[in-house]
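Novice: Build me a structure from this.
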Amino acid sequence: KPALGATGYVLLSVTDNFCSRTALNDTVFVQVNPLPTAIISTTTPSICQGTQATLNINFTGTANFSGSWQLQGGGSTNFNTASNPYTFNLNPAVGNNIYQLVGQVTDGNGCKQNVNAATAAVNVIQLPVASLSGNDTACVGSAIQLNVNFPQGTAPYTFYYHNITTGTAGTATNVNPGAG
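Specialist: Residues are numbered from 1 along each chain as shown. Got it, this is the predicted structure:
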C-alpha cells in the first residue's frame, strides 16, 4: 500500500520469455489521498414542537462530499455538497429523534469510507396547553374565580391574561398546579 501523499513509479526494464529491454523510463506519479470522514451532529438537541432542528455533517477529505443520512427506523436521504460543514434544517416529530449517517461517504477524489457510527439526537418537546374555566355568572361586588388548567406541558407555567371588557391584563408566573 502506498503512503499518503505524492509518490512516483518508474518502469526501468521489461523481460519476456526471449528478450529484455532496459532504459524504458516510463514514469507515473500517484497522489495518494486520505480517506474521507463524516460526523453528524446537531446544534439543537432540544426544541419545542413546530421549531426547526439544525443538523450538521462535518467532513475531512476533499469536496464535494456525498453520502446518506436517515432518521433511525426511516428511509435514507442522499446528500451531495461542497459545504463543510453541510448544514440542513428539519421539522422533526414530537419525541426523541435519532439521526445517523448510513453507508459510505465519498469525497471529490473518489475516495470512500464507511461512515462514523455517531448519531445526533433531537428531542422535540410538545407545546403546552392551557384552558380557562369558571362561573359564567357573578354578582356585583363578589369575587370571580377562574381556573386555568394545564392538561399538557411541564410545570412551572407562566400565563398571560386579558380582560376583554376592561382592557386590563396581567401575568401569572411560576404557576405550579396542585401546589399549595
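
Novice: use CA for all of it now, contacts and neighbours both
Specialist: OK.

Novice: How about the longest strand belonging to the chain, which residues are buried there?
Specialist: Ranked by residue count under DSSP state E, the longest strand found in the chain is strand 95-106. If you call a residue buried by 16 or more other Cα atoms under 10 Å, then strand 95-106 has these buried ones: 97, 99, 100, 101, 102, 104, 105, 106.

Novice: Let me know the average pLDDT across it.
Specialist: Mean pLDDT, strand 95-106: 97.

Novice: bridging residues for the residue nearest the centre of the chain?
Specialist: The residue lying closest to the centre of the chain (Cα atoms, centre = their mean) is residue 55, at 2.5 Å. Beta bridges link residue 55 to residue 42, residue 88 when assigned by DSSP bridges.

Novice: which residues are contacting stretch 152-166?
Specialist: 126-130, 168-177 (Cα atoms under 8 Å, 6 or more residues apart in numbering).

Novice: So for the residue nearest to residue 126 when sequence neighbours are not counted, what's the pLDDT?
Specialist: Spatial nearest neighbour of residue 126, chain neighbours left out: residue 49 (5.2 Å); criterion: Cα to Cα, 6 or more residues apart in numbering. Looking at residue 49, its pLDDT reads 96.

Novice: Now do the contacts for residue 49.
Specialist: Contacts of residue 49 (Cα under 8 Å, 6+ apart): 93, 94, 124, 125, 126, 127.
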